[in-house]
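Participant: with the input below, show me the fold.
(chains A and B)
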Amino acid sequence: MILDVHQVTKEFPLGAETVRALRGIDLSVERGEFVAIMGPSGSGKSTLMNILGCLDTPTAGTYALDGAPVETLRDDALAAIRNRKVGFVFQTFNLLPRFPAWKNVELPLTYGGLTRRERRRRAESALESVQLGHRLGHLPNQLSGGERQRVAIARALVNGPAVLLADEPTGNLDSKVGAEILALFSHLNAAEGVTIVLVTHDPLVGRAARRMVRLKDGLKVSDERDSDLT
Amino acid sequence: MNLLDSITLAFETLAVNKFRATLTMLGVVIGVASVIVLVSIGDGAREYVESQFRALGTNVIIILPGKAHTSGGPPMVTASVNPLTIEDSLALAERCPSVHLVSPIVLGSGTSKYMNRSRSCPIIGTTHEFQEIRNLNVEIGQFLPPNLDRSERRVCVIGRTIRKELFGEENPLGKMMTVAGTKFRVIGIMRKKGMSLGMDLDDLVFIPAGSAEKLFNANGLFEVLVSTRSADQIDRAHREVKELMLRRHDDNEDFTVNNQADMLSVLSKVLGAMTYAVGGIAAISLLVGGIGIMNIMLVSVGERTREIGIRKAVGARRRDILAQFLVESVTLSSFGGVLGMSLGIGSALGAKAVFPAMPIVVSPWTIATAAIFSFAVGVFFGVYPARRAAALNPIDALRYE
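Facilitator: This next block holds a predicted model:
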């Protein structure tokens, strides 16, 4: 099991009140799965994503990533896990605007202790795997939206993570380019065996996944696999 | 991220906003440059004074009439001041074994005349030994002959300026000139010596001490110069001189014994303290430069919140972010420091080239201090912004617009 979430809750103080964003979630994801987490805004899917990505820790409950419990880890240990086990893809791409494509992809490797030459080699091969081998030296603003998101995907994959987490990855793209990105996810999942967890509120996007988890008000309301979906 | 990567990254980041980086560095540049220039002038002044003192000889003791130090108690009844006499100086030469040469000095001033030309200048009444103690050379003729201590012989030795002003092209040797109203025969002319501690040694007339005492009706000597054979005998000579003088003055310490080495060290300390003070004032501008760096780093952390969020999301630890921003501020300040050093050394050497008389010494020690300071300014004023950057929550930072 890659992800094992058990009875996770998350509470935020908001003024005098406490917001309960997650109210006891159970979720297990196996290696090689492609899961879409869906739900209306405010359902807690972004909070769950942050916890899955080790950007945040749960208020209560347990979470094991790739077999190791992470809910008690501190800042630096979480950073190391993000670096080695998690790849993020964001709605707004989140590329560094002054860095060429290959340097953006290299970024996670600079925190890993590889030689420059090796980092560059890996960054280039990651870009080639998303069909951007010809755009290595381009700055983000010289690339189209779809190309930028592919750079972001290359960055997420460059360290060979246990799981790829995508938060509304097609939200800033038109439907044609969005479909291409979803096709790329499906390809990575089917051909390379990359485990993908994708958060979206768009049912069309959700349909690309082979498993769909629905959240509402911080609780899981349904969990359907491929066979059920058809 | 290793240090080389961090430094490369810092240069790349600063290069994006060259104008801003340059302006920020300017504070440090000016600070470092002014510290170097001012300390170099201070060091130069100290070295100048020290060399002047050393030229006078570090094996010299000066005895002055009167007590230099005041005591806290009521004045003692016996505390009358006896003058220093030529007899005192003769006794010093005879009875102090460590003492090599002794020269009494009577100081006066008056008008020197030859034919229809006259000039007002200091007149020094002294003895043959003065020449050797003060390292003076005679150009033509001779200095005051030996064993004239109490003599009132009317011979004089004149400096170059006096010769030029009074005699012009004429050979003064053997001529009679008027010194403070009395006729003296010129027996020697001094070689050019120039200024020494504020006194023009070329604009002087030397006459025998006995004659001077009579001429000026002086109540005792102005001072007595004593020299030893070498500088390491100075302490023993100092003790001997003091003992003998006390005995001769009935245990009444109505004189002051200064040795040149002590005076040099006091003066050197005073000038050193002044150099520090001036350098410290200049260092304030370095401080202001540091505040400028802190300000711009805080702005930079704000502008790059999203970048920090991205870096944290892909695995940067707190210390990675801290190091990135700290290296950036240290790069700014060190680079400014290097520019400031070039500017400071350049101005100091330039000033020296334009005004060769100006005592300026750029010591490697000053440069090293400036280098360390500019580095330290980067660390000190970079820590706070870097800590702010490192403490950012990645989720909030990623959401930041």
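Participant: what score does whatever residue of the stretch 51-200 of chain B ends up closest to chain A have for pLDDT?
Facilitator: The stretch 51-200 of chain B approaches chain A most closely through residue B:51 (55.0 Å), counting by Cβ to the nearest Cβ. Any C-beta I mention is one placed from the backbone N, CA and C, and that applies to glycine too. Note for residue B:51: predicted pLDDT of 82.
Participant: which stretches in the chain count as strands?
Facilitator: Since no chain was named, I'll use chain A. Using DSSP state E, the strands found in chain A span residues A:3-14, A:17-29, A:34-38, A:60-65, A:68-69, A:86-89, A:163-167, A:196-200, A:211-216, A:219-225.
Participant: try chain B instead
Facilitator: Using DSSP E, strands in chain B cover B:60-65, B:99-114, B:117-126, B:138-141, B:155-158, B:176-179, B:182-190, B:195-196, B:199-200, B:205-208, B:223-228, B:255-259.
Participant: can I get those in JSON lines with distance to residue B:267?
Facilitator: Converted to JSON lines, these look like this (distance: least, Cβ to Cβ, whole Å):
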{"stretch": "strand B:60-65", "distance to residue B:267": "14"}
{"stretch": "strand B:99-114", "distance to residue B:267": "21"}
{"stretch": "strand B:117-126", "distance to residue B:267": "23"}
{"stretch": "strand B:138-141", "distance to residue B:267": "30"}
{"stretch": "strand B:155-158", "distance to residue B:267": "30"}
{"stretch": "strand B:176-179", "distance to residue B:267": "33"}
{"stretch": "strand B:182-190", "distance to residue B:267": "26"}
{"stretch": "strand B:195-196", "distance to residue B:267": "14"}
{"stretch": "strand B:199-200", "distance to residue B:267": "16"}
{"stretch": "strand B:205-208", "distance to residue B:267": "27"}
{"stretch": "strand B:223-228", "distance to residue B:267": "18"}
{"stretch": "strand B:255-259", "distance to residue B:267": "11"}
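Participant: any idea which of those scores lowest on pLDDT?
Facilitator: Across those, strand B:195-196 has the smallest mean pLDDT, namely a mean of 70.
Participant: most centrally placed residue in chain A?
Facilitator: Nearest residue to the geometric centre of chain A (Cα atoms, centre = their mean): residue A:165, 1.2 Å.
Participant: show me which residues of chain B sit near chain A.
Facilitator: B:1-2, B:5, B:12-13, B:16, B:306-307, B:309-320, B:394-395, B:398 (Cβ under 8 Å from any Cβ of the partner chain).
Participant: and those, which are buried?
Facilitator: The neighbour count (16 or more other Cβ atoms under 10 Å in any protein chain shown) marks B:1, B:5, B:13, B:306-307, B:309-318, B:320, B:394-395, B:398 as buried among the residues of chain B next to chain A.
Participant: narrow those residues to those in helices?
Facilitator: B:5, B:13, B:306-307, B:309-313, B:318, B:320, B:394-395, B:398 (DSSP state H).
Participant: would you check these and say which has the weakest pLDDT?
Facilitator: Lowest confidence among these: residue B:5, with 87.
Participant: that residue is in contact with residue A:109, isn't it?
Facilitator: No - contact criterion Cβ atoms under 8 Å: residue B:5 and residue A:109 do not qualify, at 10.6 Å.
Participant: picking that back up, ignoring the adjacent residues along the chain, who's closest to the residue nearest to the centre of chain A?
Facilitator: In space, residue A:165 comes closest to residue A:53 once its chain neighbours are excluded; the distance is 4.9 Å by Cβ to Cβ, 6 or more residues apart in numbering or on different chains.
Participant: just confirm that neighbour contacts residue A:83, I think it does.
Facilitator: No - in this structure, residue A:53 is not within contact of residue A:83 by Cβ under 8 Å, at 11.6 Å.
Participant: quick one: residues contacting the residue nearest to residue B:7 when sequence neighbours are not counted.
Facilitator: Distance criterion Cβ to Cβ, 6+ apart; nearest residue to residue B:7, sequence neighbours excluded, is residue B:327 at 6.0 Å. Neighbouring residues of residue B:327 by Cβ atoms under 8 Å, 6 or more residues apart in numbering or on different chains: B:3, B:6-7, B:9-10.
Participant: and residue B:375, by the same measure?
Facilitator: Here residue B:375 is in contact with B:330, B:333-334, B:337 (Cβ under 8 Å, 6+ apart).
Participant: next one: residue B:60
Facilitator: Per Cβ under 8 Å, 6+ apart, neighbours of residue B:60: B:133, B:225-227, B:259-260.
Participant: check what pLDDT the residue in chain A that chain B sits nearest to gets.
Facilitator: Nearest residue of chain A to chain B: residue A:83, at 2.3 Å (Cβ to the nearest Cβ). Listed pLDDT for residue A:83 reads 94.
Participant: confirm for me that it is in contact with residue B:311.
Facilitator: No - counting by Cβ under 8 Å, residue A:83 sits too far from residue B:311 to count as a contact (10.4 Å).
Participant: low-scoring stretches of the chain, by residue?
Facilitator: Since you didn't name a chain, this refers to chain A. Scanning chain A for pLDDT under 70 picks out A:227-230.
Participant: meant chain B, my bad for not saying
Facilitator: For chain B, counting by pLDDT under 70, the residues that fall below are B:68-80, B:196-198.
Participant: let's see that with 50 instead.
Facilitator: B:75, B:77-78 (pLDDT under 50).
Participant: break it down into its structural domains.
Facilitator: Using automatic domain parsing, the domain parsing of chain B gives B:3-52+B:266-399, B:83-248.
Participant: what about the shortest one, how long is it end to end?
Facilitator: The first residue of domain B:83-248 is 11 Å away from its last residue (Cα to Cα, to the nearest Å).
Participant: what's the offset of that domain from the middle of its chain?
Facilitator: Relative to its parent chain, domain B:83-248 has a centroid offset of 28 Å by Cα atoms, centre = their mean, to the nearest Å.
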